[in-house]
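>>> With the sequence up front, the predicted model follows.
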Amino acid sequence: MSQTAVEMPTIQGLFGGNMMSPIEDPYRVYARLRDESPVLAVSTMMGINYLVTRYEDVTAMLRDPEVFSSRGNARAIGLVMGRTLLEMDGVEHVRHRNLIAPFFSPLAMRSEMPAVVDEIVNDLIDDFAGEGAADLVSQFTFIFPMRVIAHIIGVPIDDHAAFHRMALDLISIAEDPARGLAASQELVTFLQPLLDRRRGEQGVDLLSKLLHGDVDGHRLSDEEVLSFLRLLLPAGADTTYRLTGTVLWVLLHDPELMERVREDRSLIERVIQEVLRWESPVQLVSRETTRDAELAGAPIPAGMIVSACIGAANRDPAKFDGPNLFDIDRNNEDHVGFGFGRHFCAGSHLARLETRTAVNALLDRLKDLRLAAGEPTRIVGVAFRSPDRLPIRFS
């Protein structure tokens with residue numbers, strides 16, 4: 001379907017708000033797009049963006065980096081993060097990813113990290129365990145992942161909640177460039193003195209690896225290290241914060257399921273798996289066409305930004321039966337909640353460990369855990385989705 005600039009839809013027109021707005025239900029829009037316009041060009045603040053909504057097309061796109069290159073991320077998130085893994089392809093991507101991979105590997109998640117995460121989680125629960133009430137978003141899920149990723153990197157942070165808000169400002173670049181750029185500079189101001197000090201030290205944390213490791217025999221420059229940190233701090237905190245919050249939202253809204261999980265903790269992993277499909281924390285993954293391309297019969301010119309709608313793909317009825325229903329007993333191993341292909345989320349094992357640990361600790365320590373009466377909660381967002389608040393009561 002051809003579209004002129006005049007008739008081209010906007011993100012605001014499709015969803016009733018921008019990508020960072022607290023929109024409750026983007027899935028009706030996704031369903032209509034899958035049926036009527038599975039590849040749709042829309043107008044955004046960053047230019048024309050092709051939205052891809054069918055599972056088959058999303059996976060085809062993400063498995064073909066030769067045509068759908070990650071370099072397109074330089075146009076938006078790259079403006080505030082610098083050159084990162086998000087915009088690298090091929091050998092360059094592999095070599096830079098290999099620098100950090102050992103810190104997020106399954107082996108690392110079985111060594112010291114379980115004890116680290118457990119201590120951080122329980123320290124936070126200590127702060128409200130005697131109160132009988134809490135908001136699990138502002139007092140728990142928003143804070144603990146930043147503490148974990150700061151520990152892994154080796155960055156001392158006094159106010160983790162404030163630092164996480166700075167990270168959220170950073171990734172708002174597409175909707176609020178001034179706020180994103182200000183957050184990027186604020187991060188540099190905070191991190192540069194740390195880099196200056198740590199260049200002369202040796203350690204075992206990820207920052208030491210970045211400062212003293214090399215790619216192709218060359219040490220990373222300060223700007224390259226800062227780019228890694230501007231990526232890892234938000235990515236390491238934000239995905240887990242959203243994933244854990246939605247897992248807790250599901251359990252609190254389904255007491256029967258919560259009781260099943262309380263009695264059989266092995267089910268936590270199945271809840272996590274279904275949440276990744278049903279309410280993917282990250283809903284959009286962007287690429288750039290290296291040449292003229294076609295998806296679902298729609299032509300896409302070279303040099304265009306194309307966004308794989310992860311949330312739409314994970315609720316595609318052509319792939320998943322009854323996709324809008326939350327069902328931990330379904331076969332959902334091939335969801336794309338953590339992405340797909342070479343850029344599959346490097347921190348997926350950490351996010352699962354953190355969420356599993358958080359749920360176990362809350363169920364162990366807070367008896368009669370329930371939503372506070374008369375306190376409505378929502379899962380909101382388009383580009384990113386998670387509960388806005390989780391007020392609870394407990395004995």
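Yep, it's here.

>>> Correct me if wrong: Ala308 contacts Met61.
Yes. Counting by Cβ atoms under 8 Å, Ala308 touches Met61, with 5.5 Å between them. Quick note: C-beta positions are derived from backbone N, CA and C, even for glycine.

>>> Can you pull up the most central residue in the chain?
Thr239 (3.3 Å; Cα atoms, centre = their mean).

>>> For Leu276, see how far away that one is.
Noted for Thr239: a distance of 10 Å to Leu276, by Cβ to Cβ, to the nearest Å.

>>> related to what we said a few turns ago, for the residue nearest to the centre of the chain, give me its contacts.
Taking Cβ atoms under 8 Å, 6 or more residues apart in numbering, we find Thr239 in contact with Pro145, Pro281, Val282, Cys345, Gly347, Ala351.

>>> Just among the residues you listed, which is most surrounded?
Pro145 (29 neighbours; other Cβ atoms under 10 Å).

>>> For that one, give me phi and psi.
phi -60, psi -30 (degrees, to the nearest 10).

>>> got it, and the one 5 residues further on?
Backbone torsions for Ala150, taken as degrees, to the nearest 10, come to phi -60, psi -40.

>>> Remind me what the host helix or strand of Glu274 packs against, helices and strands.
Glu274 is part of helix 267-278 when elements are defined by DSSP states H and E. Helix 267-278 is packed against helix 222-253, helix 255-263, helix 348-365, with contacts defined by 3 or more Cβ pairs under 8 Å, 6 or more residues apart in numbering; DSSP states H and E.

>>> Against Met20, how distant is the residue nearest to the centre of the chain?
Thr239 is 16 Å from Met20, by Cβ to Cβ.

>>> Could you do Pro102 as well?
33 Å.

>>> When the two are compared, which one has more neighbours?
Met20 (17 against 11).

>>> coming back round to it: can I get the contacts of Thr239 in a markdown table including distance to Leu51?
Output for these, formatted as a markdown table (distance: Cβ to Cβ, whole Å):
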| residue | distance to Leu51 |
| --- | --- |
| Pro145 | 28 |
| Pro281 | 19 |
| Val282 | 15 |
| Cys345 | 21 |
| Gly347 | 25 |
| Ala351 | 25 |
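
>>> Looking at the residues you listed, spot the one nearest Ser386.
Pro281 (6.3 Å; Cβ to Cβ).

>>> List of residues touching the helix holding Glu274?
243, 246-247, 250-251, 257, 260-261, 314-315, 320, 326-330, 332-333, 335, 337-338, 352, 355-356, 359-360.

>>> can we see that at 7 Å?
With contact meaning Cβ atoms under 7 Å, 6 or more residues apart in numbering, helix 267-278 is reached by 243, 246-247, 250, 260-261, 314, 326-328, 330, 332, 335, 337-338, 352, 355-356, 359-360.

>>> Just the strands from this structure, written as ranges.
Ranges of strands within the chain are 39-44, 47-52, 68-69, 133-135, 214-215, 218-219, 284-289, 293-295, 298-300, 305-309, 370-371, 379-380, 386-387, 391-393, based on DSSP state E.

>>> Could you verify my assumption that His151 touches Val116?
Yes. Counting by Cβ atoms under 7 Å, Val116 is a contact partner of His151 at 5.9 Å.

>>> what about those two, which has more around it?
Taking His151 and Val116 together and counting by other Cβ under 10 Å, His151 has the greater number of neighbours (19 against 16).

>>> Tell me the pLDDT of that one.
According to the prediction, His151 has pLDDT 94.

>>> how close does it sit to Glu288?
With Cβ to Cβ as the criterion, His151 and Glu288 are 35 Å apart.

>>> Next, count neighbours for Arg370.
Neighbours of Arg370 using other Cβ under 10 Å come to 13.

>>> no, scratch that, I was asking about Leu124
Leu124: 21 neighbours (other Cβ under 10 Å).

>>> And for the one 10 residues further on?
The burial count assigned to Ala134 is 22, neighbours taken as other Cβ under 10 Å.

>>> I am finished for the moment; much appreciated.
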